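**Q** Need a 3D model of the following:
(chains A and B)
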Amino acid sequence: MSETRKGREVRKGSEARKRGRAGSVATHAVLSLGALVMVFPFLWQLLTALKTLAETSRVPPTFLPDTWNGASFEEVFTALPFREMLTNSVLNTVGRTLGQLVFCSLAAYAFARMRFRGRNVLFALFLSVLMVPSSLLVLPQYDIIQGLGLLNSAPALFLPGMFSAFGTFMLRQFFLTLPRELEEAARIDGAGSFRIFWSIMLPLIRPALAALAVITAMWSWNDLLWPLIVNTDPAKMPISAGLTSLEGQYETNYPVMMAGSLIASLPMLLVYVFLQRHFVQSVALSGSKS
Amino acid sequence: MSVFPATAASRAAGRGAAAAGGRAGPRGRRAAYLFIAPLGLGFAVFYFWPLLQTFYFSFTEFGAFGGHTFIGTDNYIRVVKDVTVWQALGNTIVYSLIGLTALPIAIVVAALLNRRGLRGVALYRALYFVPFVTLPVAVGLVWNWLYNGDFGLLNDILSRFGADRHYWVSDPSTAVYAIGTVMVWSTTGYYLIIFMAGIKGIPRDYYEAAEIDGAGALRRFFTITLPLLSPTIFFASVICMINSLQTFDLIYIMMAEKNPAIGDTQSVVGLFYKWAFIENAQGAAAALAFLLMLLIAALTYLQFRLQKRWVHYE
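**A** Got it, this is the predicted structure:
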């Protein structure tokens, strides 16, 4: 009896393998088609940026440029204060990211590892920030920035974004997982709270810090509503807002618009290519169950 | 965004920290306050105070010289009576419903990527995620170009199948769907990663047992993957809804000011922006934002109530 069952299983196995191979080809076909849909617009963007203006209004559209033309990539820099906008984007991104790493890790450590009166109430209060839609706050936030005399400045872009409930929550989850013995040993050796935080605990959650940095950088680079509100002077806008004014002025100049948006997306795409692991980790973390 | 779970973890940590910090004495306690002070101060200035202010603004009228005059509930009455608000709300709900279609797409792709021994998983994941990383302005511009009524690629492709030229983003009957499609296109990769993480958490044994029992791929998807993924699907649908209800970027980018379809695509946040920063109707804008928050809270609450009917926890 065991013989026949074994035989049946072997047969079943080979059938399954055959089915598996056909299924695998079908899977790849579906997945590749999807991937093409995801990537094709960017390819089209690049090809359009390399065409001449005249060629972009041809019917039917050409796929490859007749004459490869790189002039649009230079024109972007004269059409807008493009260099300044890129700098503003970098300042915005660095400011928000550094701010979150510092402020969130400090608070996250206290909430995870220290005991103090009002801890739970304060933590709940901090988390409530997550529930409030950002548009609800921008009117008074604008007034505060204006009151500080910071409209059309780099700090205006990143000040409110330096404080994040999400970052605090995420880092706290990581601090919670660290063994308590490390802190105790350091305390016996006479290290103060800050010392323990800075030189023992913080290095241990480096992957979480990297994940938070990457996701914060992405949100900051891509943010649009807040920059549109606080920095209306083109030279003080980050590129996310600056490109929308390109759309207004160069309404029909598709090569220049495509070149501009390619250059503007490039820094974040490069960060993504090099730090993909942290991107994936940060998204998976933000959606994980615990 | 995932705030809701982790209660058990935080309780356990509370005990651990109690032991560690209890020994620290008053000095350690003071240190704790110093640790949270910078963030607390930032929250107070940029989040809690503005929240109170918006609440106050919503009962005032913004005067010519920058002062606010108390006018009671007039702003709320204006918002409820305004036709454009209802139109924007309708559009926003349509965006949310279209936006939700990213979830089934992402689930199917995640399930396909979960096939045993499949090659190139990392590459597929990377390619699907690229639209989500890309600057929204760049996304909006390239799609506007693909949708262009005269020289756009989409019309060219469709014309080969005999379709007429169509002005996708300036025809009021298609503009919302054209923008919604781009929304789905750019967020699918994000949900894909969330679902891949969720599927990874399902024990392989279940699939192997089902395979031995002769269950096909479809059967395994419906009886194992979907039910065991339901907590993740629930989480993703809450996030997706909250985000779609606040949609602004793509619409702002893809709609030129003189676009005839602008009223038919305006979202609630778009209308808020217009009132607050272009028409200087700050009080009404604040009231609108508060009503949006109430709507989001109500719908989130509803989702949490309904989850008992379809979310399975092990």
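**Q** C-alpha from now on. contacts and neighbour counts both.
**A** Will do.
**Q** Let me know the pLDDT of residue 49.
**A** All of this refers to chain A. Confidence per residue is given as pLDDT, and for A:A49 that number is 94.
**Q** look at chain B instead
**A** The model reports B:W49 with a pLDDT of 96.
**Q** swap in A:K6?
**A** Per-residue confidence at A:K6 stands at 55 (pLDDT).
**Q** same check, this time on the one 10 residues further on
**A** The model reports A:A16 with a pLDDT of 61.
**Q** So which bits of the stretch 151-290 of chain A are right by chain B?
**A** Taking CA under 8 Å from any CA of the partner chain as the test, the list of the stretch 151-290 of chain A residues beside chain B reads A:160, A:163, A:166, A:169, A:176, A:180, A:184, A:193-194, A:218, A:221-222, A:224-225, A:229, A:240-241, A:243-244, A:247-248, A:254, A:257-258, A:261-262, A:264-265, A:268-269, A:272, A:276, A:280, A:283-284, A:286-290.
**Q** just the buried members of those residues?
**A** Members of those that pass the buried threshold by neighbour count (16 or more other CA atoms under 10 Å in any protein chain shown) are listed as A:160, A:163, A:166, A:169, A:176, A:184, A:193-194, A:218, A:221-222, A:224-225, A:229, A:240-241, A:243-244, A:247, A:254, A:257-258, A:261-262, A:264-265, A:268-269, A:272, A:276, A:280, A:283-284, A:286-289.
**Q** ok, back up a step: next step: the residues of the stretch 151-290 of chain A next to chain B restricted to helices.
**A** Secondary structure assignment (DSSP state H) places A:166, A:169, A:176, A:180, A:184, A:193-194, A:218, A:221-222, A:225, A:229, A:240-241, A:243-244, A:247-248, A:254, A:257-258, A:261-262, A:264-265, A:268-269, A:272, A:276, A:280, A:283-284, A:286 from these within helices.
**Q** any idea how chain A splits into domains?
**A** A:2-49, A:81-285 (automatic domain parsing).
**Q** Average pLDDT for the last one, rounded please.
**A** Average pLDDT, domain A:81-285: 92.
**Q** what does stretch B:226-242 give?
**A** Stretch B:226-242 comes out at a mean pLDDT of 91.
**Q** Next, see if it gets close to chain A.
**A** Yes. Remark: stretch B:226-242 sits within contact range of chain A at B:232, B:235-236, by CA under 8 Å from any CA.
**Q** Name the nearest residue to residue 230, ignoring sequence neighbours.
**A** Answering for chain A, as no chain was given. Distances taken as CA to CA, 6 or more residues apart in numbering or on different chains place A:L151 nearest to A:V230, at 5.6 Å, with adjacent residues excluded.
**Q** try again with chain B
**A** Sequence neighbours aside, B:V311 is the residue nearest to B:S230 in space, at 5.1 Å (criterion: CA to CA, 6+ apart).
**Q** can you check A:F77 too?
**A** A:R83 (6.7 Å).
**Q** again, but for B:M241
**A** Skipping the residues right next to it in sequence, B:M241 comes nearest to B:S96 by CA to CA, 6+ apart, at 5.9 Å.
**Q** just B:A281 next, same as before
**A** Beyond its immediate neighbours in the sequence, the residue positioned closest to B:A281 (CA to CA, 6+ apart) is B:W275, lying 5.1 Å away.
**Q** Return the residues in contact with the one you found.
**A** Counting by CA atoms under 8 Å, 6 or more residues apart in numbering or on different chains, B:W275 touches B:281-282, B:284-285.
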